[in-house]
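Colleague: need coordinates for the below:
(chains A and B)
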Amino acid sequence: MKPRDALDNIPYARFLDVGVEEDADGIVCVLPFRDDLVGNAALPAIHGGVVGAFLELTALVGLLAVGETQRVPKPINFAVDYLRSVGPRTTRGRAAIVKHGRRIANVRVVAWQDDPAKPVAAGIGNFLL
Amino acid sequence: MPPPEQRLALAELFGDGRQELIDHIPHCRRLGMVVEHVGPRMARVRLPWRDELIGDPVRRVVFGGAITTLVDHASGLAVFCSLPELTAIATLDLRVDYLRAAAPDHALVGEAHCYKLTRHVAFVRAAAWEVTPDDPFASCLATFMLGANSSLSPVARALRADKEPA
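Modeller: Numbering: from 1, shown residues only, chains lettered A, B, ... in the order given. This is a model prediction of the structure:
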């Protein structure tokens, strides 16, 4: 499945308006900023749940891009580390498949805003294929 | 010595439907999130069903990340309901176990308990269900940093703004 098609098929991905870009290192997911994503209006910062959801979507896109599955993999668990405040700007994320077994895949994700060297959040999850 | 709940900053707000705790948060408004109940060191939040939340269009199952938003928010509120004085908090980490698929067309309920508070860190357990708490579809562990930034807690700001004449 192409990442773009996968995202088009997932209503929650359309709700967040997540897109995909491609660079020399592979697929990058993009979360455009929108006022109604804000979870802390004082900073302002994007809601932690949205950040977690974006990381999980990025992991999913990473798995679907491998093309070995036609169904949407089911998450078993997902853990998010919040590293920096996620400001009112575009957020990008990249997934790395740590292990792709027959039934289980383990995927690591990093998200950043202006500088890939300064990640705003990182996640890791197991998916049932 | 007063019972512990009387020393909590939000004690006077404890009860059902304390919507003022999240009404000022754009993303919660967008999702139509409802505060069902807050009490000492706990919070229960409801996320109404909407098709936008679907992650698996074939099974019509809610996307895992939407559950993250529900339990993250319930967890943050549980931390606010544990604090002797309101301060800013920030999620350090959050892990969700997806125990089963959530049934479609049901509102999702998330309940969080802050079971340990230290000077700098709050530890929270949470679960989410659509029918009964005895049969959760997700469980969650999270930690929060206290006094995370110099700005006043967003809850305190919102409550203060409510009290000030416009």
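
Colleague: please count neighbours and contacts with C-alpha atoms only from this point.
Modeller: Noted.

Colleague: please give the element, helix or strand, for residue B:124.
Modeller: Following DSSP states H and E, one finds residue B:124 within strand B:121-129.

Colleague: who does the helix or strand that comes right after that strand pair up with?
Modeller: Following strand B:121-129 in sequence order, the next helix or strand is strand B:138-146 (DSSP H and E). According to DSSP bridges, strand B:138-146 has the following sheet partners: strand B:89-98 (antiparallel), strand B:121-129 (antiparallel).

Colleague: and those as a markdown table, adding mean neighbour count and mean pLDDT?
Modeller: A markdown table is the format used below for the strands paired with strand B:138-146 (neighbours: other CA atoms under 10 Å in any protein chain shown; pLDDT from 0 to 100):
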| stretch | mean neighbour count | mean pLDDT |
| --- | --- | --- |
| strand B:89-98 | 22 | 96 |
| strand B:121-129 | 23 | 98 |
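
Colleague: around chain B, pick out the residues from chain A.
Modeller: Applying CA under 8 Å from any CA of the partner chain, we find that chain A lies next to chain B at A:9-15, A:35-43, A:47-50, A:52-54, A:56-57, A:72, A:75-83.

Colleague: now the strands for chain B?
Modeller: Counting by DSSP state E, chain B has strands at residues B:15-16, B:34-39, B:42-47, B:54-56, B:61-62, B:89-98, B:108-117, B:121-129, B:138-146.

Colleague: actually chain A, sorry about that
Modeller: In chain A, strands defined by DSSP E lie at A:19-23, A:26-31, A:38-40, A:45-46, A:74-82, A:91-100, A:104-112, A:119-128, listed in chain order.

Colleague: in stretch A:80-94, what's buried?
Modeller: A:80-83, A:85-88, A:91-94 (16 or more other CA atoms under 10 Å in any protein chain shown).

Colleague: ditto for stretch A:100-120
Modeller: Buried residues in stretch A:100-120, counted by 16+ other CA under 10 Å: A:100, A:104-113, A:119-120.

Colleague: any idea which residue is closest to the centre of chain B?
Modeller: In chain B, the C-alpha nearest the mean C-alpha coordinate belongs to residue B:74, at 1.2 Å (CA atoms, centre = their mean).

Colleague: ok, it - contacts?
Modeller: B:43-45, B:110-112, B:126 (CA atoms under 8 Å, 6 or more residues apart in numbering or on different chains).

Colleague: could you measure it against residue B:147, distance?
Modeller: According to CA to CA, to the nearest Å, residue B:74 and residue B:147 sit 19 Å apart.

Colleague: what's around residue A:2, how many residues?
Modeller: Neighbour count for residue A:2, taken as other CA atoms under 10 Å in any protein chain shown: 12.

Colleague: burial count for the nearest residue to it once chain neighbours are set aside?
Modeller: Nearest non-adjacent residue to residue A:2, counting by CA to CA, 6 or more residues apart in numbering or on different chains: residue A:65, 6.0 Å away. With neighbours defined by other CA under 10 Å, the count for residue A:65 comes to 17.

Colleague: got the phi and psi for the closest residue to residue B:49 other than its chain neighbours?
Modeller: Spatial nearest neighbour of residue B:49, excluding adjacent residues (CA to CA, 6+ apart): residue B:107 at 4.7 Å. When read as degrees, to the nearest 10, the backbone of residue B:107 gives phi -70, psi 150.
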